[in-house]
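A.B. asks: here you go, sequence then predicted model.
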Amino acid sequence: MKKLLGKGLLPLLIKSASVAAVVAAASTMSISAQAADMTESLVQNYAAAMKASANSQNINQIARLVSDDALISMSRKGKSTSLDKDAYLKLLQNSWSNTSNYRYDISVDNIVITGSQAKANVTTNESWVKDGQRVSFVTTSRVTLTLSTGNAVLLRAVSQVAIN
């Protein structure tokens, strides 16, 4: 027995145990590195964060709620436009700087979750005062939210805008 251990069995067992430990550690790391799944709770958290951020006119927080790859398509009275993240944020800032008493509300329904993404119907109600007149927008959208650093962020929106 001493002869076997001295000639390579012990080093082979140690090497095998080390390989097994590395394999076990690697498989544990790959499991924890896999993308988390989207949840309805994350979608609702997104809506609450968007409402709070818009009402406080916190453009930096809104920027964190919109993916860098976002594409927002908006239609009104047969005319359409598409905005990337930067254009969307500039539109918000311009609206805020030219108005007063800005208010934002959001509701989400018909949530369908697939892996790390969710699709949902979103209705936003925005109102403000411009030149002494109250203006309100109602936007209905079908959005795609995706996970980013454990939170839901806007990836795509196809929106229909109505001005009241």
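C.D. replies: Arrived safely.
A.B. asks: mind listing the helices for the protein?
C.D. replies: Ranges of helices in the chain, per DSSP state H, are 2-4, 10-33, 40-55, 59-64, 85-97.
A.B. asks: weakest of the ones you listed by average pLDDT?
C.D. replies: Per-stretch mean pLDDT for these is lowest at helix 10-33 (a mean of 40).
A.B. asks: look up how far Val135 lies from the closest residue to Asp105 other than its chain neighbours.
C.D. replies: Once flanking residues are discounted, Asp105 sits nearest to Asn125: 4.6 Å by C-beta to C-beta, 6 or more residues apart in numbering. C-beta coordinates here come from the backbone N, C-alpha and C atoms, glycine included. Asn125 sits at a distance of 12 Å from Val135 (criterion: C-beta to C-beta, to the nearest Å).
A.B. asks: and if you look at Ser67?
C.D. replies: 28 Å.
A.B. asks: so what's the residue nearest to Asp105 up against?
C.D. replies: Going by C-beta atoms under 8 Å, 6 or more residues apart in numbering, Asn125 touches Arg103, Tyr104, Asp105, Ile106, Ser136, Phe137, Val138.
A.B. asks: still on that earlier bit, neighbour count winner among Ser67 and Val135?
C.D. replies: Each of Ser67 and Val135 has its neighbours counted (other C-beta atoms under 10 Å); Ser67 has more, 17 against 14.
A.B. asks: give the contact list for the more buried one.
C.D. replies: Residues in contact with Ser67 (C-beta under 8 Å, 6+ apart) are Lys85, Thr146, Ser148, Val153, Leu154, Leu155.
A.B. asks: top of those residues by number of neighbours, please.
C.D. replies: Among the contacts of Ser67, the one with the most neighbours (other C-beta under 10 Å) is Leu154, at 24 neighbours.
A.B. asks: just the CA atoms of stretch 93-100, as PDB, please.
C.D. replies: Taking Å, rounded to 0.1, in the frame of the first residue of the first chain, the C-alpha atoms of stretch 93-100 are listed here in PDB:
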ATOM      1  CA  GLN A  93     -36.500  67.600 -20.600                       C
ATOM      2  CA  ASN A  94     -37.800  70.000 -23.200                       C
ATOM      3  CA  SER A  95     -41.400  69.300 -22.100                       C
ATOM      4  CA  TRP A  96     -40.500  69.900 -18.500                       C
ATOM      5  CA  SER A  97     -38.600  73.200 -19.200                       C
ATOM      6  CA  ASN A  98     -41.500  74.700 -21.200                       C
ATOM      7  CA  THR A  99     -44.400  73.800 -18.900                       C
ATOM      8  CA  SER A 100     -45.500  73.800 -15.200                       C
END
